[in-house]
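Student: Here is a sequence with its predicted model. Questions after.
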Amino acid sequence: MSLENQFKKEPTNSLFKRVRHLLKQNKLAKIIEILAVFLVAFLFIMAFQSDDASDLVYNQAIVWFANIIMLTIVFAGIKLRGEGLEHFGFTFKKITWKIGLKTTLQSILVFILALVGFIIGSIIMANITDIPKSSDMSGYEYIKDNIGMLMLTLFGVYIVASFGEEVIYRAFLINRISELGITSKTGRVIVVIISAVVFGLAHYSWGIMGIVQTSFMGLALGCSYVYLKKRIWVLILAHAYMDTILMVQLYLR
């Protein structure tokens, strides 16, 4: 290596080492990273979302792009830290029939827990308030009786919601908040609750009922993530079952 190339490489390596050290050790840097993931997406939605209520497909696409931006920042953080995806619970082992069966059964159980959480949220809000007894799903009106849009929406939802939301609201948020020094049993409970509330607030367009429903759903998913020791694929599958049922219901209604 020439002296000129070595001179160029060393400052770059030094910069990466400093960034890696900050992200791993500095609590303020961790907080900034968490805020950046959500703030950038929020500003993107506010900047590009249409005020025209008829632009349903366009506005849904904006939300999807916002989620992709969030995923990009999350995975960039992993790369800068020098961590592997296993830090979030991803495994890429050869799938045997036993592993496949175990994962499927666990995902069904988590799906049931998430569905129960969703229903509990509905019951609580229906009994203590006079708000509508269902979420505001008007943003998906374009799916009704349109099989093509249903298929396209399911494809997008599996990527940005089933996969993306589990990575962002469970894997990323729970791990990063825990790294701030919240490691006790009580602390883990608080972290899961925080992730559930943030997950609920992210569904603000569904109305107050939708926020509460998804918060309780997020609570079930967060508890499952911790209890199953970060088996993120299980949660992604469970979330996909929920999304499929929801989208098909919207198509049929």
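Tutor: All right, it came through fine.

Student: Can you show me the helices along the stretch 51-200 of the chain?
Tutor: Per DSSP state H, counting those that start in this stretch, the stretch 51-200 of the chain carries helices over the ranges 56-81, 97-128, 147-157, 164-165, 173-178, 185-201.

Student: Against which helices or strands is the last one packed?
Tutor: Of the remaining helices and strands, those touching helix 185-201 by 3 or more C-beta pairs under 8 Å, 6 or more residues apart in numbering; DSSP states H and E are helix 173-178, helix 207-227. In short, each C-beta sits where N, CA and C put it, glycine included.

Student: Just name the most buried of those helices.
Tutor: Highest mean neighbour count among the helices and strands packed on helix 185-201 (mean count of other C-beta atoms under 10 Å): helix 207-227, with a mean of 22.

Student: got the angle for it vs helix 185-201?
Tutor: Per axes from the mean of the first three to the mean of the last three C-alpha atoms, to 10 degrees, the angle that helix 207-227 makes with helix 185-201 is 140 degrees.

Student: still on that earlier bit, could the helices of the stretch 51-200 of the chain go into CSV alongside distance to L28?
Tutor: Shown next, in CSV, are the helices of the stretch 51-200 of the chain (distance: least, C-beta to C-beta, whole Å):
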stretch, distance to L28
helix 56-81, 15
helix 97-128, 33
helix 147-157, 35
helix 164-165, 26
helix 173-178, 13
helix 185-201, 18
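
Student: just the ones you listed: most buried one?
Tutor: The highest average neighbour count among the helices of the stretch 51-200 of the chain, using mean count of other C-beta under 10 Å, belongs to helix 164-165 at a mean of 24.

Student: Quick one: list the elements packing against that one.
Tutor: Contact here means 3+ C-beta pairs under 8 Å, 6+ apart; on that basis helix 164-165 packs against helix 56-81.

Student: for the protein, which spans come out with low pLDDT?
Tutor: Applying pLDDT under 70 to the chain picks out residues 1-12, 129-134.

Student: E179: how many residues sit nearby?
Tutor: 16 (other C-beta atoms under 10 Å).

Student: roughly how far apart are it and G77?
Tutor: 11 Å (C-beta to C-beta, to the nearest Å).

Student: Out of the helices of the stretch 51-200 of the chain, which gets nearest to G207?
Tutor: Minimum separation from G207 across those (C-beta to C-beta) falls at helix 97-128, 10.0 Å.

Student: what distance separates stretch 160-179 from the centre of its chain?
Tutor: Using C-alpha atoms, centre = their mean, to the nearest Å, the mean C-alpha position of stretch 160-179 is found 5 Å from that of the whole chain.

Student: Stretch 21-31 now?
Tutor: The chain centroid and the centroid of stretch 21-31 are separated by 21 Å, computed with C-alpha atoms, centre = their mean.

Student: okay, the helices and strands packed on helix 185-201 in TSV with distance to V19 next?
Tutor: Below are the helices and strands packed on helix 185-201 laid out as TSV (distance: least, C-beta to C-beta, whole Å):
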stretch	distance to V19
helix 173-178	16
helix 207-227	27
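
Student: looking at the ones you listed, which is closest to N13?
Tutor: Between the helices and strands packed on helix 185-201, helix 173-178 lies closest to N13; by C-beta to C-beta that is 25.0 Å.

Student: what does the closest one contact?
Tutor: By C-beta atoms under 8 Å, 6 or more residues apart in numbering, the residues outside helix 173-178 that reach it are 30, 33-34, 87-88, 187-188, 191-192, 194-195, 198, 222, 225-226.

Student: Was I right to think N146 contacts L250?
Tutor: No: counting by C-beta atoms under 8 Å, N146 stays clear of L250, with 10.3 Å between them.
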